[in-house]
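>>> The sequence isn't on hand, but the structure is:
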Ligand SMILES: Cc1ncc(COP(=O)(O)O)c(C=O)c1O
């Protein structure tokens, strides 16, 4: 069980009167993350950036083991990059796809991923097929199994969408992918940190995530997992002297392991901060995080649904800490600004971020409140009062 009082005491952002329900945007970091980033920046200023990296070489290396422990994989299957999109792109653009090849994806796929599909569809004639939702609003796994054919080269799924509380049945999708021998790329940007995400249990071959969201790491961090059996088959879209070696005037060799998806120049401070966030999350326990985050999400959904003029829009059998809603007669952006003015942080999700999901439901924009384990029942009271304007 999460010790909420302790988690709040360890979170500088919880010290004041702020209600931070924008954890799906960027969560409040624990003090250890802030301290780790600042300490390394200070050390860079004192002794030189390269020299500070030399001093921290073991701690920088340990970040891979931390992330591997989080996801249940090996450190050399992890690349640390600057955000979830770049992580996802490095895997996706490394896949060899040609005219007639097919990608299967779900209705909750994130905009940046779909834009990448479309770019490759326009360039090289791949086909994108969107698997329908089932009656509960999650990806229809039976339909997916029926849609997989000999031309299917990728199954790409967003685990938890930007646009709602849905948790897609990733392990069932993984079982379909495994049975069909098709690689499975999971966008776990919104799920990592608020629930256990185990690449063996899910059966994904590639996974992308961000540091700043439910993991509570610094902005500008993300990571990619690629299953060992796939790493050597993927030549990343960009290579530098860290991802490859220049072995002769006219030759290069891509390095073994997932470092091939990285770049030489990184922020040591942010990387160490990401490692500190992962260690913090693992020490608290991802199962305990899930229990509290999902319970707070359910409570928030129930409270909002009981308010006049409020409609809650989350789909799925299993729902997480993301709660989306509309207020009758008020634009989502106006709701966000009104709440911000009284010290309550939420964000919005528009159709441009999740067109496959929101457009068929006739929704153009939603207000999005997303809770973390350090949020409290009293904050939900304050939030509900603020939403209803009382
Ligand atoms: C589901 C999902 N995937 C990917 C991303 C992109 O993450 P990043 O901004 O770290 O590239 C987001 C960001 O909100 C997201 O919600």
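Structure's in. What do you need? Please read these numbers as outputs of a predicted model, since none were measured by experiment.
>>> what does the protein put close to the ligand?
By Cβ under 6 Å from any ligand atom, the part of the chain that sits against the ligand consists of 83-85, 110, 112, 158, 161-162, 187, 189-190, 210, 222. Where C-beta positions appear, they are placed from N, C-alpha and C, glycine not excepted.
>>> Next step: the residues you listed restricted to helices.
84, 85, 112 (DSSP state H).
>>> Contact partners for the first one?
Residue 84 is in contact with 187, 189, 208, 209, 210, 222, counting by Cβ atoms under 8 Å, 6 or more residues apart in numbering.
>>> swap the cut-off to 7 Å and go again
Taking Cβ atoms under 7 Å, 6 or more residues apart in numbering, we find residue 84 in contact with 189, 208, 209, 210, 222.
>>> Check the last one too.
Under the criterion of Cβ under 7 Å, 6+ apart, the contact partners of residue 112 comprise residue 85.
>>> For it, give its distance to residue 371.
Note on residue 112: its distance to residue 371, by Cβ to Cβ, to the nearest Å, is 24 Å.
>>> now do the first one
Applying Cβ to Cβ, the value for residue 84 to residue 371 is 20 Å.
>>> Let's see the pLDDT reported for residue 389.
pLDDT, residue 389: 84.
>>> Next, it: phi, psi?
phi 80, psi 20 (degrees, to the nearest 10).
>>> Report the contact partners of the closest residue to residue 193 other than its chain neighbours.
The shortest distance from residue 193 to any non-neighbouring residue, by Cβ to Cβ, 6 or more residues apart in numbering, is to residue 214 (3.0 Å). Residues in contact with residue 214 (Cβ under 7 Å, 6+ apart) are 23, 27, 190, 192, 193, 194, 372.
>>> out of these, which one sits closest to residue 308?
Residue 308 has its nearest neighbour among the contacts of residue 214 in residue 23, at 26.7 Å by Cβ to Cβ.
>>> burial measure for the closest one, as a count.
Residue 23 is flanked by 27 other residues according to other Cβ atoms under 10 Å.
>>> show me what contacts it?
213, 214, 321, 370, 371, 372.
>>> Show the pLDDT at the fifth one.
Yep, that's residue 371 we're talking about. Taking residue 371 on its own, its pLDDT is 98.
>>> Next one: it relative to the ligand, how far apart?
16 Å (Cβ to the nearest ligand atom, to the nearest Å).
>>> just to revisit the earlier point, from the contacts of residue 23, list just the buried residues.
213, 214, 321, 370, 371, 372 (16 or more other Cβ atoms under 10 Å).
>>> tell me which residues in the helix ranked longest in the chain are buried?
When the chain is parsed with DSSP H, its longest helix is helix 286-305. Residues of helix 286-305 classed as buried: 286, 289-290, 292-294, 296-298, 300-301, 303-304 (neighbour count, 16+ other Cβ under 10 Å).
>>> Check stretch 327-334 too.
327, 332.
>>> roughly how far is that stretch from the heart of the chain?
27 Å (Cα atoms, centre = their mean, to the nearest Å).
>>> what's the answer for stretch 354-363, then?
On Cα atoms, centre = their mean, the centre of stretch 354-363 falls 20 Å from the chain's centre.
>>> Equivalent analysis for stretch 325-338, please.
25 Å.
>>> Which one of the residues of the chain next to the ligand sits in the busiest neighbourhood?
residue 187 (33 neighbours).
>>> Quick one: neighbours of residue 129, just the number.
Neighbours around residue 129, by other Cβ under 10 Å: 14.
>>> Tell me the bridge partners for it.
Beta-bridge pairing of residue 129 under DSSP bridges involves residue 104.
>>> if we can go back for a sec, so the residue nearest to residue 193, which state does it fall into?
coil (DSSP: H, G, I helix; E, B strand; the rest coil).
>>> And residue 40, by the same measure?
helix.
>>> Tell me the pLDDT of the nearest residue to it once chain neighbours are set aside.
In space, and not counting its chain neighbours, residue 40 is closest to residue 269: 3.9 Å by Cβ to Cβ, 6+ apart. Turning to residue 269, the model gives it a pLDDT of 98.
>>> shouldn't residue 269 be in contact with residue 37?
Yes: between residue 269 and residue 37 there is a contact under Cβ atoms under 7 Å: 4.6 Å.
>>> how about the ones in helices among the residues of the chain next to the ligand in a markdown table, adding pLDDT and distance to residue 127?
As requested, these are exported to a markdown table (pLDDT from 0 to 100; distance: Cβ to Cβ, whole Å):
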| residue | pLDDT | distance to residue 127 |
| --- | --- | --- |
| 84 | 98 | 25 |
| 85 | 98 | 23 |
| 112 | 98 | 20 |
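>>> got those residues as a markdown table, with distance to residue 313 columns?
Converted to a markdown table, those look like this (distance: Cβ to Cβ, whole Å):
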| residue | distance to residue 313 |
| --- | --- |
| 84 | 23 |
| 85 | 24 |
| 112 | 22 |
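>>> closest to residue 94 among the residues you listed?
Nearest member of those to residue 94, counting by Cβ to Cβ, is residue 85, at 14.6 Å.
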